[in-house]
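**Student:** Based on what follows, work out the 3D shape:
(chains A, B, C and D)
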4 protein chains.
Amino acid sequence: MGAGMAANLLTAGHELTAYNRSQGKVAALVEKGARAARTVAEACGGDVVITMLANDDAVETVTFGEEGILASLPAGATHVSSSTISLALAERLTDAHAEAGHRFVAAPVFGRPEAAEAAKLFVVAAGEPAAVQELSPVFDAIGQRTFVVAEQPKAANLVKLSGNFLIASVIESLAESMALVEKAGVDKQAYLEVLTSTLFDAPVYKTYGGLLAREEFEPAGFAASLGLKDVRLVLAAGESLEVPLPVASLIRDRFLTLLANGGAHLDWSALGKVASWEAGARPL
Amino acid sequence: MGAGMAANLLTAGHELTAYNRSQGKVAALVEKGARAARTVAEACGGDVVITMLANDDAVETVTFGEEGILASLPAGATHVSSSTISLALAERLTDAHAEAGHRFVAAPVFGRPEAAEAAKLFVVAAGEPAAVQELSPVFDAIGQRTFVVAEQPKAANLVKLSGNFLIASVIESLAESMALVEKAGVDKQAYLEVLTSTLFDAPVYKTYGGLLAREEFEPAGFAASLGLKDVRLVLAAGESLEVPLPVASLIRDRFLTLLANGGAHLDWSALGKVASWEAGARPL
Amino acid sequence: MGAGMAANLLTAGHELTAYNRSQGKVAALVEKGARAARTVAEACGGDVVITMLANDDAVETVTFGEEGILASLPAGATHVSSSTISLALAERLTDAHAEAGHRFVAAPVFGRPEAAEAAKLFVVAAGEPAAVQELSPVFDAIGQRTFVVAEQPKAANLVKLSGNFLIASVIESLAESMALVEKAGVDKQAYLEVLTSTLFDAPVYKTYGGLLAREEFEPAGFAASLGLKDVRLVLAAGESLEVPLPVASLIRDRFLTLLANGGAHLDWSALGKVASWEAGARPL
Amino acid sequence: MGAGMAANLLTAGHELTAYNRSQGKVAALVEKGARAARTVAEACGGDVVITMLANDDAVETVTFGEEGILASLPAGATHVSSSTISLALAERLTDAHAEAGHRFVAAPVFGRPEAAEAAKLFVVAAGEPAAVQELSPVFDAIGQRTFVVAEQPKAANLVKLSGNFLIASVIESLAESMALVEKAGVDKQAYLEVLTSTLFDAPVYKTYGGLLAREEFEPAGFAASLGLKDVRLVLAAGESLEVPLPVASLIRDRFLTLLANGGAHLDWSALGKVASWEAGARPL
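**Tutor:** Residues are numbered from 1 along each chain as shown, chains lettered A, B, ... in the order given. Presented below is the predicted three-dimensional model:
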C-alpha cells in the first residue's frame, strides 16, 4: 500500500523521503524521484510524515522507538497515520504528539493495493480541523475522495475498523446462507448470481461471495488471523465505549474455531469452512 | 405486488382472470382487459394460476380451502406460487398438486412494488424442468430476469427466505456499527456515505443505512413482525436441514426484544432501536 | 416413568386401570392389582386419567384420536397430563377439555425413572384450583412434593421445559469451560472436583459434569435429539410470550451442529463434543 | 479476604508480617500477634509472601514497583498469589520470579469473606510440585481443602476465572428463564423453590436465584463492572488458547448493556435487569 501512495505523492509533485526496513522496496521510489532514508529519523525532515504499517506494534516501534518519529519530528510538523490501528494506540499517539508540539492526524484508507497505485483510495481523516485542512493536497494525491469524520483522530480509526467488521459480517452471513441453500440442493455459484443481480450488487458481495462459492481460501488476500485481530480491536473499542456488538462477538468466536483448527493462514472468507463443518461436512 | 404483475401479464398479451378478496382491487385490472373472478375457483380456468399472497395462511386457504385451487384446477395445469412461504408449505403444495395431477412451480420474486409495476422483478424459480421451461413467457412478462435454481420447488422459497435473512443481517450489523461510531462522535449520515462510497455500494446498504441513519422507522416498508416471521421461517428451514444459522438466531432474539417493547409495527430496520438501547439510549 | 407412578398409585390404595400400546408393560402392574385396558377408552372410566407419554404427538393421538380421552372421559372427570409437552398443546388440551365438560390439569414431574419408582418425584401442577386441590392424594402418592405454580395449565409445562433449558445451559457452560481448562493442561476430572466441592455442589453438575469429564456420551440417558426438541419448545414459548432467550438460541444452534454431524443418538451432554471440535480436536 | 486468611495463619502458629496500604487494617492483626510492615519490602522477609489483592494493577504495583516483591524477596523464597488475575500477568510473574531466583505459586481461592475468616476456603494451587508441596501447612491453615491442578501457575488462575464464568452463566440462564416464566404468570420465588428443591440444589442457584427473584441488585456483593472484568479475562484466556466461549461472549455483551445503561455499580446478578428490559419492561 505504502509504495503506491508514495508514488502518487511524487507524481503530484511533492518532495518525498521514503523509509522501509528493507531498502529494496525503496529503490523503485528513488527511481521515481524519492530520496531514500536509512533510518526513521531521516524520514522525519519534512512538514509531514506518513506511516503506513502492518499493525500497532510496527507503528509503536517507529513512533516511540529510539530515534523514532516522536523524537525526530520538528515542532509544528504533522504525523499522519494511515495504518489500521487500535483506538488505544490512536489515543496514545494523539497525546504524545500534542505534548511534543506536533500535530497528529489519523487517515486510514479504504481500498486494495491496486487502488493505492491508481490513486483511487478513499481517505477517512480525523484530527484538528486546521491540520486536516492543510493536508488536502496530500489526500488528493493518494485518493479519489476524502471523508473528514471527526476532530478526535481515533474516530477515523474506528470508522476503518468498523468497515472491516462489516465485511466480516457479510462473509459470515453469506457463509451461513450458502451452507443452508447448498444442503437444499442449490448451486452456490447460481445462488450468488441471484444475490448480486438483485439487492446485493456490491463489490463486497461479489468478491467474498465468489471466494465462498468457489471455496477458494488460499492464498489469503487477508488472513483469518488478521480478521480476528481487527474484530478484536472493534470489540475493544465497543468495550471502552460501552457498546455491545453481538455480531462481532459471534464472528470472533468463529475465527477462533478456524484458528484452533489450523486455519490462521487462510483467507478470512474461510469462515465458510466453519459453517460447512457445522452443517455436517465433518461427520463423527 | 400482484397488481403490478397482473398488469404486465396483460400488457404482454396474456389472457388473465383476476381474483382478490376485495373486489375493488380487481377493478383497475378489468379496465386493462382482465376478467374478474368472484371466487378462487373462477380464477382457475386457465393453464396457469399464479398466487401472490401475504403468508402461509393465505396460500393455504386459497389452495386447500373448499372450492380452492386444488379442487378447481384442471389436470395438467400449473400452480405458480410467488408468495414468500415456508418450506413446509412448499413441500405440502408440491405433494398435493402432484397427487391431483397438477404441476407446481415455486417462483418467489425479488423487488418492491415499483419493480413489479415496471416488470423489473427478479424471478427465482424451481420445479420440474419442463414446467418451468413452459412458464418462460410468464416470467419474461413480469421480470427482468429469471433464475432457475433447482427442481425441488421449496429450494426457490429457501433462496427467497435466505435473501430476507441477508437483508436482516445487513440491518443488524449496520445498527451495531452505527451505535458504535455515533458514541465516538461520528455523524451517522457521514459514516453511511463513507460506507456506500466504498465497498458497500449496494441498494441494500443505501436503503437500510439511510433509514437507520435518519432513525426513520415509521411508516414501515416491511414491518418488524414480518421480519421476525421470515427469520423464523429461515431458522425452521435450517432446523429441518440441520444447518445452524447463528446470525439468524441472534437476529430473531433482537426482533423479539423489539416486539416485546412495542415495536411490532415499526420497519424492520428498527433493529437499530435495540442497538441504541443497548448502547445506553435508555439509562436506568 | 409411567410404570413407577402407576405402581405407587396402587400402593397408596387407588384403583387403577392401565393402558400401554405394548400390553407386556401392563402385565407387571396387573400383578400388583391394576386392571388392564385394551384401549384408551377403557382406561377412561375413573375420576381421573393420567397421561405420561413421550411427546406432543403421542399425547395428541391418545387425546384427540378416535375413541380417545376426549371422546371417552365422563363429564366432570379430570385429565392430568404429566408429559413434557409444548405450551401450544397444553392450550389446546385446556380448551378442548373445557368444552367437553372435563377438567384439565398439567402436572409434569421432575425426576428420573428411579425417583418415579421410589415415589420421590417433584410434581409441578397448574390448573383450576379446586381441581388441583382434589388431586392431592394422587400427587402425594407419586411424589415427594407438589408445587402449584399457576391456574393456567400451560404454566406448569413452561416450568418443566425451562428446567430442561437450565440443564442444557449447565451442560453448555461446563462444556466450554472444560474445553478451556483442558487446553491449559488441567485434568477435567480434577477440575470437576473443584467445582462440585465448592459453589457447584448440585446433582446437575455432578451428573453432567461427570459425563463431560469422562466423555461418556453413549448410551444416551436423554438423547441430543430430545434435548433439541425441548430447547425448541422453550424457544417457541419465548416467541409466543415475546421473551428472547439468547442462551437457548445458542444451545439450539449447537445441538443442530451435533445432529448434522451424526450425533442425534448421543446423550445431550455431547454438546461437549461441539466444544472440543471448536477448540481444535479436529484439525483441518 | 486477606484479613481472614492472615488471622488463620497466626492461629495456626505461623509468624506473620502484614502489609496494607491503609495501616488501620493491619492493626487488628497486630493485636493477634502479627508484625506490621510499613512497606511492601518489609513484608518480604520470610520464606513466603502471600498477595491477596483486588486486580492485576494492584498485583503489578506491589510486585514490580520500586522496592516491590520482586526486588525485595530473598532468593529461594516463594511468592504465593491468591488474587484473581489474568493469565497474562500470571505468566509474567512466573517468568520474572524464575529469573530472580524465586519460586512462584498461584493459589486463588473459592469462598466469600466469611469462609476466609472460618478457614473454610477452597484453595486451587498450581506451580512447581516441590514448592506447592512445601506450602501445605499454609494452605491447610487458610482453607478446608486444597486442589493442586497443574504445574503451570497460570492454570490455577484459569480455574478460578472459569468458576466466575460459570457463576455468570448461571445468573444469565436464570435471568432468562425467570423473565420467561414471570411473563407466563408464574411467581419467581415459587419458581426458584421448584428449581432449588430439585436438580438445582446448590449454593450458586440459591444465592443468585434469590437475588434475581427479589430483584435485589443493591448493594452489590460483586459489582457488574467486576463481573465484566472477569468475563473479559476468561475470554482473553480463551483467545490465547484458541478456545471459543460463546456463552461468555454473550454474557460480556449483556454486561456491556448493563454498564451502558448505568448499572456498573449494581450486583452482577443485575443481568436480570437486561433480561427484563428485553422481555418488555421498558416499552417504547
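
**Student:** does A:Val123 count as helix, strand or coil?
**Tutor:** strand (DSSP: H, G, I helix; E, B strand; the rest coil).

**Student:** Just confirm it contacts A:Phe147, I think it does.
**Tutor:** Yes - using C-beta atoms under 8 Å, A:Val123 is in contact with A:Phe147, at 7.0 Å. Every residue, glycine included, has its C-beta placed from N, CA and C.

**Student:** Near chain C, which residues of the stretch 151-284 of chain A are found?
**Tutor:** With C-beta under 8 Å from any C-beta of the partner chain as the criterion, the stretch 151-284 of chain A meets chain C at residues A:253, A:256-257, A:260-263, A:273, A:277-280, A:282-284.

**Student:** and chain B, which of those reach it?
**Tutor:** Residues of these in contact with chain B (C-beta under 8 Å from any C-beta): A:Glu278, A:Ala279, A:Gly280.

**Student:** most centrally placed residue in chain A?
**Tutor:** The centre of chain A sits closest to A:Thr84, judged by C-alpha atoms, centre = their mean, with a distance of 4.4 Å.

**Student:** For B:Ala28, see how far away it is.
**Tutor:** Distance check for A:Thr84 against B:Ala28: by C-beta to C-beta, to the nearest Å, it reads 55 Å.

**Student:** which stretches of the stretch 151-284 of chain A have low pLDDT?
**Tutor:** Within the stretch 151-284 of chain A, the set of residues satisfying pLDDT under 70 comprises A:282-284.

**Student:** Could you find the closest non-adjacent residue to the residue in chain A positioned nearest to chain B?
**Tutor:** Closest to chain B within chain A is A:Ala202: 3.1 Å, counting by C-beta to the nearest C-beta. The shortest distance from A:Ala202 to any non-neighbouring residue, by C-beta to C-beta, 6 or more residues apart in numbering or on different chains, is to B:Ala202 (3.1 Å).

**Student:** and the one you found, what are its phi and psi?
**Tutor:** Phi and psi for B:Ala202, reported as degrees, to the nearest 10, are phi -140, psi 150.

**Student:** re earlier: taking the residues of the stretch 151-284 of chain A next to chain C, please make a ChimeraX selection of just the buried ones.
**Tutor:** Entered in ChimeraX, the line below selects the buried ones among these, by 16 or more other C-beta atoms under 10 Å in any protein chain shown:
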select /A:253,256,257,260,261,263,273,277,278,279,280,282
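
**Student:** Which ones among the residues of the stretch 151-284 of chain A next to chain C lie within helices?
**Tutor:** Using DSSP state H, the members of these that fall in helices are A:Asp253, A:Leu256, A:Thr257, A:Ala260, A:Lys273.

**Student:** any idea how far stretch A:190-203 is from the chain center?
**Tutor:** Here stretch A:190-203 shows a centroid-to-chain-centroid distance of 25 Å under the convention C-alpha atoms, centre = their mean, to the nearest Å.

**Student:** List the contacts of the closest residue to A:Phe222 other than its chain neighbours.
**Tutor:** If the residues on either side of it in the chain are set aside, A:Phe222 comes closest to A:Trp268, at 5.3 Å by C-beta to C-beta, 6+ apart. Residues in contact with A:Trp268 (C-beta atoms under 8 Å, 6 or more residues apart in numbering or on different chains) are A:Ala168, A:Ile171, A:Ala220, A:Phe222, A:Ala223, A:Ala224, A:Leu226, A:Gly227, A:Phe255.

**Student:** hmm, the lengthiest helix in chain A in reach of chain B?
**Tutor:** Longest helix of chain A, by residue count under DSSP H: helix A:153-183. Yes - applying C-beta under 8 Å from any C-beta, one finds helix A:153-183 in contact with chain B at A:154-155, A:158-159, A:162-163, A:165-167, A:169-170, A:172-174, A:176-177, A:179-181, A:183.

**Student:** Moving C-terminal from that helix, which element do we reach first?
**Tutor:** Next in sequence after helix A:153-183, counting helices and strands by DSSP states H and E, comes helix A:188-197.

**Student:** For B:Val149, see how far away A:Val30 is.
**Tutor:** A:Val30 is 55 Å from B:Val149, by C-beta to C-beta.

**Student:** Just want to know which of the two has more residues nearby.
**Tutor:** B:Val149 (24 against 13; other C-beta atoms under 10 Å in any protein chain shown).

**Student:** Now do the SS call for the more buried one.
**Tutor:** strand.

**Student:** What's the separation between it and B:Ala141?
**Tutor:** Distance from B:Val149 to B:Ala141, by C-beta to C-beta: 20 Å.

**Student:** One more: A:Leu259?
**Tutor:** Remark: distance between A:Leu259 and B:Ala141 (C-beta to C-beta) = 51 Å.

**Student:** What of A:Asp56?
**Tutor:** 58 Å.

**Student:** Not counting stretch A:80-88 itself, show me its contacts.
**Tutor:** Contact with stretch A:80-88 is made by A:1, A:5, A:48-56, A:58-59, A:90, A:93, A:104-109, A:135, A:138, A:153-154, A:157-158, A:160-161, A:164, A:230, A:233, A:236-237, A:240, as judged by C-beta under 8 Å, 6+ apart.

**Student:** quick one: the closest residue in space to A:Arg214 that isn't next to it in sequence and chain C, what's the gap?
**Tutor:** Excluding the flanking residues, the one nearest A:Arg214 by C-beta to C-beta, 6+ apart is A:Gln189, at 7.6 Å. For A:Gln189, the distance to chain C equals 23 Å [C-beta to the nearest C-beta, to the nearest Å].

**Student:** Burial check on A:Gln189, number of neighbours?
**Tutor:** The tally of other residues near A:Gln189 (other C-beta under 10 Å) stands at 12.

**Student:** who's in contact with stretch A:243-253?
**Tutor:** A:165, A:168-169, A:172, A:228, A:231-232, A:234-235, A:237-238, A:271, B:169, B:172-173, B:176-177, B:179-180, B:183, B:246-247, B:250, B:254, B:278-280, C:278, D:239, D:244-246, D:249-250, D:252-254, D:256-257, D:260.
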